[in-house]
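Chemist: I would like to see how this sequence folds:
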Amino acid sequence: MADPSAVKVYTVNGDTAGSSSSLPDWLTRKRAAKGKRATKERYEGSIELIQGFEFPEASNKVKVTRDGRNVLATGTYKPQLRVWDLDQLSLKFERHSDAENVDFVILSDDWTKILHLQNDRTVELHTQGGFHYRTRIPKFGRSLAYHFPSCDAIITATGNEVYRLNLDQGRFMQPLVLQDDDHGEILGVNVVDINPAHQLLAFGVDGNGTVQFWDPRSRSNVGILRLPTGRLMPLSAMNDGAPLSVTAISSRHDGLSYAIGTSTGHALLYDIRAAKPFAVKDQGYGLPIKDTIWIEGGHRMAGDGLVLSADKKVIKIWDRNTPSSNFASISPANDVNSVHHLRDSGLLFTANEGIQMSTYYIPQLGPAPRWASFLENITEEMEDQTTRSVYEDYKFVSRDELKTLGLDHLIGTPTLKPYMHGYFVSLKLYDTARIIANPFAYAEHREKLVREKMDKMAETRIRSKKDPGVKVNKALAEKILREEAKAAQREERRKKKRATAAQGEAAELGAAEDVDGGEEDEGAVEEPSSTSLLSDPRFAKVFQDPSFAIDENSREYALLHPSSVAQKSRGKTAVEDEEDESDKSSSDGMGGSSDSDEDEESESDSDDEGALSNFDPRKRPGQKNAALTQNIQKTRAQGRTPKVNLVPMKAASSSSALDKNATFGQRLAPRSTSQVSTNGKGKGRQDYGNNDDGVNDDAMEISWVPSSAADDDGDDSASRKRNVKKQDKKNGIERFGAGMEKGGMEPEFDISEVERSGRKHRRHNVRSGSKNAFRRMGT
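Modeler: Below is the predicted model of the structure:
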């Protein structure tokens, strides 16, 4: 339907009215054979009133015989005439010709006698048996009509002469010569019309915007109708000197009214008794009018004053008293060449530039004809037919996108159709420009499809972690879930606190009514839980559509979330690196603690985790349990005791070694005199003494001065150094500088299960770096 809110127009043959396709018909037919969109559009939800109502390429003219039983049409390619039998709703026969048809007229009440005007200056007469006779005219013909009283065939052509071929005598008669002294030479006669009431001849002149009326009895000019050129011609055309031409004429059965179509897209209604039109209709496209028709008979709802005017883009039906409004408007899928209205019915036949000829049924215009009475019963089913949008084969692009595609130079050309804040561009041109602008578009599209398929397959996997169940912005969804969980916990704590307060008040007052009142208050204070953002339909696309994905690398995100971006960008500090290293060394078992200590710690941890009898006073306020309280205090005391084993550090001195199991504090025990001796080249001395209170809290300071000379501190030291050198040479170790060495093989150690897998339980009441070991530093 062209306009569902107005008069309903049903397409019963051909493409749906209002459709538009950028593909030629031969390609549409090829796609239809492959089951593409054209098949669905053409055959589903539509009917084909007349079988085979088409031509191989295009159709030129279409008419119905006076008895209403046959439809005749001419078309191409190859040039031919086709006749359809309306009683059988199928093709009756087809007849080929040597040249393409310009116009034809039916001489009899049926299809048996036809006169054809061809584009090679020939006039052919066809009978029931086929081609009968052919003759030629001096100039190329433009229009054809038949004057029944005199048996004259009126043929208009290029120039100012109108030829008369008398079919009774079989010869050409004296031509009618049109003259106009005011407007000069006549370029040609486009159209001829014979009034059915008084047989007055009307000729539409090309080039001067006039209509000349001739009396066939006296073969003389009886009047000239001059159209308002200044009103019809646009200012630009008048400045260029473009002529105004008459392209269509139709006379009404009353003998007084004429409908005249012009080359500027206007239809004018005249009463031959007046020089000015009483109605003017603008088609809106500025294209020459193809046909003007007075709607005769028809439905009482339509009345008897409707006029049809058609150019190649649109067919408009309007009332002669109100030309500004349309009774119906049809936008065919292909350019229109000719329109014919079946008298006393609501059917319209059109010949167009497409393969299929179109037939439209308007119930408000008139009833269905006798041979198609079933149309009235199936109009409700036809309302559900598929209708394509006018811009279905076009892509809307904004000005910025147009510049990105490199098509901004087409602005102002017919290729781009302005609409709102952008333009409509042909889908084929858009795809071509997009491929040129981005050659990897197909690869990116294919990668996107593969990624979507993989994501869909990954959704079916079993996950241990709770999945927010979204496709896009999972980090945001997890954050919302965490905030909702925290809010739920806070609300639960508030409820418990209110319940505890209500129980305390009830215990103090000793009245059950207060308890009930407290419960009512509690129910009154409670607020209904709000809908989650994840289940809110208003924000569904945020977590489903990839277009709403948050780009964490964008500048806008960095401005809104500076802390998270800074945390990502900055590296670890020296303190964090040291803590990570200490945690690694502690977890690797390098802290010096034995396997028994690890086992003991793991046993204590597991005991704490499995002690289900531990009493928590916060969960049961007002109750006390001495045994459980003592057990808890004991557990906490054990947890506060640090389990730290310190390795004694031995300075680079020749003094006797300390106890290996001595702690760092024991090594700082008070001494009467204590010195630190250095070698001959270095010097450094430190005294250890007590303060005034007799408590030894002095710090120990040790300094080393590297020396290349031999150590003379004693035989033991020298022999030890020699043994070390021999051992190093044996192991391939080379020492140099101050305590630096290279080479050698790392010793192999037997790694226990605890050292291999690391700690399985957290430490209690001890900071992370408490198990750092002081390594033994030797000379």
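
Chemist: helix, strand, or coil at residue 453?
Modeler: Secondary structure for residue 453, judged by DSSP: H, G, I helix; E, B strand; the rest coil, is helix.

Chemist: what is the burial count for it?
Modeler: Counted by other C-beta atoms under 10 Å, the residues lying close to residue 453 total 10. Bear in mind the C-beta positions are built from the backbone N, C-alpha and C, glycine included.

Chemist: wait, residue 50 sits on residue 359?
Modeler: Yes - counting by C-beta atoms under 8 Å, residue 50 does reach residue 359; the two are 6.8 Å apart.

Chemist: isn't residue 179 up against residue 186?
Modeler: Yes - with contact defined as C-beta under 8 Å, residue 179 reaches residue 186; the gap is 7.4 Å.

Chemist: the two - which one has more neighbours?
Modeler: residue 186 (21 against 11).

Chemist: sorry, back to before: mind listing the shared neighbours of residue 50 and residue 359?
Modeler: Here residue 50 and residue 359 have residue 13 as joint contacts, going by C-beta atoms under 8 Å, 6 or more residues apart in numbering.

Chemist: re the thing from before, could you tell me which residues touch both of residue 179 and residue 186?
Modeler: Here residue 179 and residue 186 have residue 160 as joint contacts, going by C-beta under 8 Å, 6+ apart.

Chemist: list the buried residues for stretch 360-372?
Modeler: Within stretch 360-372, the residues scored as buried using 16 or more other C-beta atoms under 10 Å are 360-369, 372.

Chemist: so how far is the first residue of that stretch from its last?
Modeler: Stretch 360-372 has its terminal residues 12 Å apart, counting by C-alpha to C-alpha, to the nearest Å.

Chemist: how about residues contacting it?
Modeler: Outside stretch 360-372, the residues that reach it (C-beta under 8 Å, 6+ apart) are 7-12, 17, 49, 68-69, 86-87, 89, 295, 297-299, 301-302, 306, 317, 327-328, 330, 342, 344-348, 350, 374-376, 379.

Chemist: filter these down to the buried ones and hand me the ChimeraX line.
Modeler: Selection of buried members from these for ChimeraX, criterion 16+ other C-beta under 10 Å:
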select :7,8,9,10,11,12,17,49,68,69,86,295,298,299,302,306,317,327,328,330,342,345,346,347,348,350,375
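
Chemist: next, give me the two most distant ones among the buried residues of stretch 360-372.
Modeler: Using C-beta to C-beta, the buried residues of stretch 360-372 span at most 16.5 Å, a distance reached by 364 and 372.

Chemist: so where do the strands sit in the stretch 151-300 of the chain?
Modeler: 152-157, 161-166, 171-177, 188-194, 201-206, 210-215, 220-226, 246-251, 257-262, 266-271, 279-282, 291-294 (DSSP state E, counting those that start in this stretch).

Chemist: now for those strands, which one comes closest to residue 551?
Modeler: Using C-beta to C-beta, the nearest of the strands of the stretch 151-300 of the chain to residue 551 is strand 279-282, at 52.4 Å.

Chemist: buried stuff in that closest one?
Modeler: Quick answer for strand 279-282 (16+ other C-beta under 10 Å): 279-281.

Chemist: show me what the longest helix anywhere in the chain is packed up against.
Modeler: The longest helix of the chain (DSSP state H) is helix 474-509. Judged by 3 or more C-beta pairs under 8 Å, 6 or more residues apart in numbering; DSSP states H and E, helix 474-509 is in contact with helix 512-525.

Chemist: OK, contacts around the residue nearest to residue 223 when sequence neighbours are not counted?
Modeler: Distances taken as C-beta to C-beta, 6 or more residues apart in numbering put residue 213 closest to residue 223, at 4.6 Å, once the chain neighbours are dropped. By C-beta under 8 Å, 6+ apart, the contact set of residue 213 is 200-203, 221-225, 272.

Chemist: likewise residue 118?
Modeler: 97-102, 124, 141.

Chemist: report the beta-bridge partner residues of it.
Modeler: For residue 118, the beta-bridge partners are residue 101 (DSSP bridges).

Chemist: with the one 5 residues further on instead?
Modeler: Under the criterion DSSP bridges, residue 123 forms beta bridges with residue 117, residue 135.

Chemist: tally of neighbours for it?
Modeler: Neighbours of residue 123 under the rule other C-beta under 10 Å: 20.

Chemist: from what I see, it and residue 138 are in contact.
Modeler: No - Residue 123 lies out of contact with residue 138 (C-beta under 8 Å); the separation is 11.7 Å.

Chemist: who wins for most neighbours among the contacts of residue 213?
Modeler: For these, the largest neighbour count, defined by other C-beta under 10 Å, is 28 neighbours, found at residue 203.

Chemist: pick the one among the buried residues of stretch 360-372 closest to residue 560.
Modeler: Nearest to residue 560 among the buried residues of stretch 360-372 is residue 360, at 58.7 Å by C-beta to C-beta.

Chemist: which secondary structure element contains that closest one?
Modeler: strand 358-361 (DSSP states H and E).

Chemist: would you give the sheet partners of that strand, along with the direction of each?
Modeler: Sheet partners assigned to strand 358-361 using DSSP bridges are listed as strand 10-13 (antiparallel), strand 347-352 (antiparallel).
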